[in-house]
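# Got a sequence here, can you model it:
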Amino acid sequence: MWKVRLPDVGDINDQLDTALTLKNGDKVYDLSAAERAGIHSLYAEYDQRLGEPDTALLPLALAGCADALHGAYNQVQKGQRLASLRSRLLSAVMECPLCGSGDATTLDHHLPKDDYRALAINPRNLVPSCQPCNRAKGTLAALAGQGMIHAYFQEIPSVTFLKANVTYADGSLKVAFSIDPAGLSPALADRLTFQLERIRLTERHPGAINIFIFSQKVALRLFRDKPGERNLLRQFLLDGADTLDEDFGLNHWRAALFRGLAACDAFLDDPWTYLDKPPPAMNPA
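Got it, this is the predicted structure:
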């Protein structure tokens, strides 16, 4: 969640040739040597600027081929000429890096392809995401240092900043996610908070939260009616959060949830009123 390993950009010339040449060999657009070199330079500039929007990424020298490159994104779809690029990028992640739960089935243009047309098939501008997160980001304007973080390039300190604030009463569990700004620069804290709110993590995750907690039910029951049950449950949740940090990286919502539950006295006092029922989303009508 939040970050994805930077993908290999691959063979740029081969990608351009595949995108701009029909299967019968006809050219959709015949790049000049200068345009081809300009695309290489543009991709390098994109990396240098860590994917942040800048007029330097809108070179006038590529104005003639920008529309062709923009249109070439259609070839990244399933069954099209650049489908292998799509497959390579999507297969590199286990889940959507924005929400940490949805299946990454789409590619999001970090810099909007309608604005940065010559970057439409740049692999490092294509971030795997689930459909809800892709729609949530939508046509968000690209502003330097603002908006969604870049999952490939954003530097994030090794601190725990994602918090799950748990309230529990009468077997009903509510969770609200937030960003703890301690250890973060104000700009990064604002950006992470914006992203959290933009993808509506709190509103979208009740179902995933219930499924995840109930998947731990067998393990939690091992502590039921044991001496020191409350402390055993708390330690299990904290140890589980540490393991999730190791497996998924810091600040995954599942680890935040475990820590939130461990800090919720009401849940530790009586988790069974919640766990002894079917998961809320599965309650019979």
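
# going forward, measure contacts and count neighbours with C-alpha atoms only.
Fine.

# For the stretch 1-150 of the chain, which segments are assigned as helices?
Using DSSP state H, counting those that start in this stretch, the helices found in the stretch 1-150 of the chain span residues 12-19, 33-48, 63-72, 83-90, 131-137.

# Paired strands for the next helix or strand after the last one, with orientation please.
The C-terminal neighbour of helix 131-137 among helices and strands, as given by DSSP states H and E, is strand 162-169. Take DSSP bridges as the rule and strand 162-169 pairs in its sheet with strand 172-179 (antiparallel).

# Now do the buried residues in the partner strand.
Residues 173, 175-179 are the ones in strand 172-179 that count as buried (16 or more other Cα atoms under 10 Å).

# quick one on the thing from earlier: mind putting the helices of the stretch 1-150 of the chain into a markdown table with mean neighbour count and distance to residue 146?
Formatted as a markdown table, the helices of the stretch 1-150 of the chain follow (neighbours: other Cα atoms under 10 Å; distance: least, Cα to Cα, whole Å):
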| stretch | mean neighbour count | distance to residue 146 |
| --- | --- | --- |
| helix 12-19 | 17 | 29 |
| helix 33-48 | 16 | 17 |
| helix 63-72 | 19 | 24 |
| helix 83-90 | 17 | 25 |
| helix 131-137 | 18 | 13 |
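
# Next, format these as JSON lines and append distance to residue 116.
As requested, those are exported to JSON lines (distance: least, Cα to Cα, whole Å):
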{"stretch": "helix 12-19", "distance to residue 116": "16"}
{"stretch": "helix 33-48", "distance to residue 116": "11"}
{"stretch": "helix 63-72", "distance to residue 116": "8"}
{"stretch": "helix 83-90", "distance to residue 116": "19"}
{"stretch": "helix 131-137", "distance to residue 116": "16"}
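
# Which of these comes out lowest on mean pLDDT?
Of all these, mean pLDDT reaches its minimum on helix 131-137 (a mean of 93).

# Let me see the residues that make contact with that one.
Outside helix 131-137, the residues that touch it by Cα atoms under 8 Å, 6 or more residues apart in numbering are 98-99, 104-108, 148, 198-199.
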